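J.: got a sequence here, can you model it:
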Amino acid sequence: MIIWLNGTFGAGKTTTSSHLMSLLPDARLFDPETVGYYLRQVINEEIDDFQNWPAWRALVAETIDQLFRHWGGRLVVPMTLLRQRYHQEIFSALAGRRLPVRHILLHADEDELVRRIELDTVEASARQWRLNHLEVYRDALPWLRESAEVFDTTRTPAAEVAAIIAKEV
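T.: Residues are numbered from 1 along each chain as shown. I've put the predicted structure just below:
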């Protein structure tokens, strides 16, 4: 099974996936951003978000397919997808490959998201970019709530959220 942890920046995807990895011994972690980092080296054009490249979306689906077929088990994928068209494109490609996907939305109230983004010292340089995406997240919430299982992380620690998810998968 593919466990796709979605949510905007500060929702807890990285921390939750770290806890999930310790709770699911057969799980592997795949961060689709690595595909974007690679493409930035190969595609010589300015872009503000590598998700806008069709190659990124196609390669993410293909990489998940190959990893899943190679190892089986569970694949944890922490990645923000806020554009419905991109979500549909990737998830349709996975469905076409008959890959079971559990789409989980980690949600936190906006005040809490701002607090977490402001306090983040690991990637402080991304602070403004993340804050700018809160409006995009707000606009995406209606379709995200329909397409994913929602876990509120506002007051629930990531370890508890991961424990609930691990029991369900």
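
J.: helix/strand/coil for residue 99?
T.: coil (DSSP: H, G, I helix; E, B strand; the rest coil).

J.: give me the neighbour count for it.
T.: Residue 99 has 17 neighbours, counted by other CB atoms under 10 Å. Bear in mind the C-beta positions are built from the backbone N, C-alpha and C, glycine included.

J.: how about the contacts made by it?
T.: Residues in contact with residue 99 (CB atoms under 8 Å, 6 or more residues apart in numbering) are 2, 64-65, 68.

J.: ditto for residue 106
T.: Applying CB under 8 Å, 6+ apart, we find residue 106 in contact with 5-7, 11-13, 16, 151, 153, 161.

J.: phi, psi of it?
T.: Residue 106 adopts backbone torsions of phi -90, psi 120, taken as degrees, to the nearest 10.

J.: can you show me the helices along the protein?
T.: 13-23, 33-42, 54-71, 84-96, 110-119, 127-132, 134-147, 158-168 (DSSP state H).

J.: residue closest to the middle of this protein?
T.: Closest residue to the average C-alpha location of the chain: residue 79 at 1.8 Å, with CA atoms, centre = their mean.

J.: thought that residue was touching residue 31?
T.: Yes: under the contact definition of CB atoms under 8 Å, residue 79 touches residue 31, with a separation of 7.1 Å.

J.: now do the buried residues in the lowest-mean-pLDDT helix or strand in the chain.
T.: The weakest-scoring helix or strand in the chain, judged by mean pLDDT, DSSP states H and E, is helix 127-132 (a mean of 88). Neighbour-count burial for helix 127-132 flags residue 130 (criterion: 16 or more other CB atoms under 10 Å).
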